[in-house]
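Colleague: With the input below, show me the fold.
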Amino acid sequence: MPCLPLELITFISTMGSIGESILSLREVAVFQQENLVLNDISLDVKNGEFVYLIGKTGSGKSSFMKTLYADLPLKSGHGSIVGFDLHTLKENDIPFLRRKLGIVFQDFKLLPDRNVNKNLQFVLKATGWKDAAAMDAKIEEVLEKVGMKTKGFKFPHELSGGEQQRVAIARALLNDPELILADEPTGNLDPQTSVEVMKVLQEINKTGRTILMATHDYALILKFPSKTLKCDGNKVFEVIQKAV
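Modeller: Numbers count the residues shown, from 1 in each chain. Model prediction:
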């Protein structure tokens, strides 16, 4: 058996096997209450991939994402994500699923009454962290990854939209998620800031983190091409990008 370099062995052991499915759906239907939004979805997202989810407003992108983090129940079909079966998932298991996911929203969802450090500390405490020194070190680590290490004392209203989204990405990294779900993370940002946020996500992906990003910003997809899924006509399917 050939010897693997130590850094590759470390990468595989910490991030899972390359090529393994971190998200797998078979004949899945997505519902909003009793209304069928998407039907007959079968797809896989592999460890380490960066995948776009595109589609017009109202095509079902957000409903699809909400099903993945169990905000909407999976009523039909078979789905597994980061080791959890979405069809048989119990309500008291949802917090454990979400600890293995990093979720980034379009509207940031930062707590306005506390500064950046306290926002991140709130999440750590809510997910079981108790050691103050360990929390401080983790907060510093994730803020450094998104270029916000010196802004921990600032309140959300003192930050630009791009800076707030960087903090939201840092928050998603706190518990070392296996998969990041980013739902229109550049939707409220101007084009230049969108590019800056995309570069942050790209750097995170290069460390081996899997990212599924819903977007309607086709300019970003042209600038940062990657595997693309499309919501259209109540279906989700892979778009084969042609070489220019």
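Colleague: where along the chain do the strands fall?
Modeller: Assigned by DSSP state E, the chain shows strands spanning 21-32, 35-46, 50-54, 76-81, 84-85, 101-104, 179-183, 210-214, 227-232, 235-239.
Colleague: Grab the longest helix from the protein for me.
Modeller: Selection of the longest helix in the chain by residue count, based on DSSP state H, yields helix 191-206.
Colleague: can you give me the angle it makes with strand 179-183?
Modeller: Orientation check (axes from the mean of the first three to the mean of the last three Cα atoms, to 10 degrees): helix 191-206 against strand 179-183 gives 160 degrees.
Colleague: tilt between helix 191-206 and strand 50-54?
Modeller: 140 degrees.
Colleague: So that it lines up with my notes, have the first residue be 478 from now on.
Modeller: With 478 as the first residue, the last one maps to helix 668-683.
Colleague: Low-confidence stretches in this protein?
Modeller: Within the chain, the segments meeting pLDDT under 70 span 478-496, 718-721.
Colleague: Same list, the strands of the chain, but as TSV with mean neighbour count please.
Modeller: Yep, even glycine has a C-beta here, placed from its N, CA and C like the rest. Shown next, in TSV, are the strands of the chain (neighbours: other Cβ atoms under 10 Å):
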stretch	mean neighbour count
strand 498-509	18
strand 512-523	17
strand 527-531	21
strand 553-558	19
strand 561-562	16
strand 578-581	22
strand 656-660	23
strand 687-691	25
strand 704-709	18
strand 712-716	16
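Colleague: Turn those strands into TSV, columns for distance to Gln679.
Modeller: Converted to TSV, these look like this (distance: least, Cβ to Cβ, whole Å):
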stretch	distance to Gln679
strand 498-509	18
strand 512-523	17
strand 527-531	7
strand 553-558	22
strand 561-562	27
strand 578-581	14
strand 656-660	12
strand 687-691	9
strand 704-709	14
strand 712-716	19
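Colleague: nearest to Gly639, of those?
Modeller: Among the strands of the chain, strand 578-581 comes nearest to Gly639, with 13.0 Å by Cβ to Cβ.
Colleague: Name the residues that touch stretch 528-543?
Modeller: 507, 509, 514-515, 518, 522, 549, 658, 660-661, 688-693, 695, 698, 703-709, 711, 713, 716 (Cβ atoms under 8 Å, 6 or more residues apart in numbering).
Colleague: which residues sit in contact with the residue nearest to Leu502 when sequence neighbours are not counted?
Modeller: Excluding the flanking residues, the one nearest Leu502 by Cβ to Cβ, 6 or more residues apart in numbering is Gly556, at 4.6 Å. For Gly556, the contacting residues are Leu500, Ser501, Leu502, Arg503, Val505, Thr544, Leu545, Asp562, Leu563, His564, by Cβ under 8 Å, 6+ apart.
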